[in-house]
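S.K.: model this:
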Amino acid sequence: MLEVWDSNQFFLDLQVPVLVRYPQTPNGVLLVNFDPYIFEVIKESEYMIKMNLEIPEAAKILVHSRDTLKAHASQMKFLLDEDKALRAEIPPIFQTLLGPSLKRVDSVIRPGLISHTWTSLNLPTYFTQVKEALAELQIIVKQISDIKTTRIDLMLKEISETLLCDLPERNPLTVSEFLQKMEEYTDQMAVDINKMSQVVEDAVKELVRIFLQRAHLEQSLLLESGASSDRSEIICKLILLDL
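M.R.: Reported below is the predicted structural model:
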């Protein structure tokens, strides 16, 4: 295989973006853009080195970069899997409300589709940025999921299962006794339901506060990013004028 192996193709395979979007899926699923053939070349090159056979210079570079390439490919796949799993945990009702936070993650991942290749020196920095963005999203998803599960869904379930009439199981009651007992029981149930309803209301208000806070934060980051881009453009124009 190495006799016909093109060293130029080796560099081309490593200079592609680390991510690719699969167009046949509805949302364009992201995939790690790494040719497994490269690892086959590494394996064969290692065998030939052990046999004291001469291999192309490009193959030597490939063998030398083996551990780094494997680590980067594994790290990229891990981050994509984590992103997919995290999005699957988001309750459907919150998908739209978490739009700004999801767009934030998408914007951090996007350079992997355009500018970051397997030979990029800043690839570890890119991985760190994606990891931090996912960690931030995970905190938000856990927070809203806990609120929905424990303070909304559970309370609504208890309210739906609350009996509004306490019928006697053994001893019969007179009409007046029954009415008095029902009045006392319904009064107590009204208090309990009101407390549970208040818990639900407070939880909804907290969710609204969280979503608004995230939306304002993402908007501020977007404006800051736009201002930074404008400053960079102005600096470039000034440099060109000086030239």
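S.K.: ok, Ile38 - how many residues close by?
M.R.: Neighbour count of Ile38, defined by other C-beta atoms under 10 Å: 19. All C-beta atoms are positioned from the backbone trio N, CA, C, and that covers glycine.
S.K.: Next, count neighbours for the nearest residue to it once chain neighbours are set aside.
M.R.: Closest residue in space to Ile38, ignoring its immediate chain neighbours: Asp13 at 6.0 Å, by C-beta to C-beta, 6 or more residues apart in numbering. Look at Asp13: counted by other C-beta under 10 Å, it has 18 neighbours.
S.K.: list the contacts for Asp13?
M.R.: Asp35, Tyr37, Ile38 (C-beta atoms under 8 Å, 6 or more residues apart in numbering).
S.K.: at 10 Å instead, please
M.R.: Asp6, Asn33, Phe34, Asp35, Tyr37, Ile38, Val41, Leu62, Thr117, Trp118 (C-beta atoms under 10 Å, 6 or more residues apart in numbering).
S.K.: just the helices in this structure please.
M.R.: Along the chain, the stretches classed as helices by DSSP state H are 7-14, 37-50, 57-64, 66-88, 99-109, 111-114, 123-146, 154-160, 175-242.
S.K.: where in the protein is pLDDT low?
M.R.: Of all residues in the chain, those with pLDDT under 70 make up the ranges 1-11, 24-27, 221-243.
S.K.: One more pass at 80, please.
M.R.: 1-12, 23-28, 44-45, 53-62, 164-175, 177-178, 217-243 (pLDDT under 80).
S.K.: Report the spatially closest residue to the residue sitting nearest the centre point of it, excluding sequence-adjacent ones.
M.R.: What sits nearest the mean C-alpha location of the chain, by C-alpha atoms, centre = their mean, is Asp83, with 3.6 Å. Computed as C-beta to C-beta, 6+ apart, the closest residue to Asp83 that is not its neighbour in sequence is Leu134, at 6.0 Å.
S.K.: Check Leu80 too.
M.R.: Leu30 (5.7 Å).
S.K.: thinking again about what came up before, export the helices of the chain as TSV, with columns for distance to Arg21.
M.R.: Shown next, in TSV, are the helices of the chain (distance: least, C-beta to C-beta, whole Å):
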stretch	distance to Arg21
helix 7-14	18
helix 37-50	21
helix 57-64	27
helix 66-88	11
helix 99-109	11
helix 111-114	6
helix 123-146	16
helix 154-160	39
helix 175-242	22
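S.K.: between the ones you listed, which one is nearest to Val20?
M.R.: Checking the helices of the chain against Val20 by C-beta to C-beta gives helix 111-114 as the closest, at 7.2 Å.
S.K.: which strands and helices sit next to that closest one?
M.R.: strand 19-22, strand 29-32, helix 66-88, helix 123-146 (3 or more C-beta pairs under 10 Å, 6 or more residues apart in numbering; DSSP states H and E).
S.K.: In that helix, which of the residues would be classed as buried?
M.R.: For helix 111-114, a neighbour-count test (16 or more other C-beta atoms under 10 Å) marks Pro111, Gly112 as buried.
S.K.: Centre of the chain to that helix, how far?
M.R.: 16 Å (C-alpha atoms, centre = their mean, to the nearest Å).
S.K.: For that helix, give me every contacting residue.
M.R.: Against helix 111-114 from outside (C-beta under 10 Å, 6+ apart): 17-21, 28, 30, 32-33, 76, 79-80, 120, 122-123, 126-127, 129-130.
S.K.: give me that answer again for 8 Å
M.R.: Pro17, Val18, Leu19, Val20, Arg21, Leu30, Met76, Tyr126, Val130.
S.K.: Stretch 185-197 now?
M.R.: Met155, Glu158, Ile159, Thr162, Leu163, Leu164, Cys165, Asp166.
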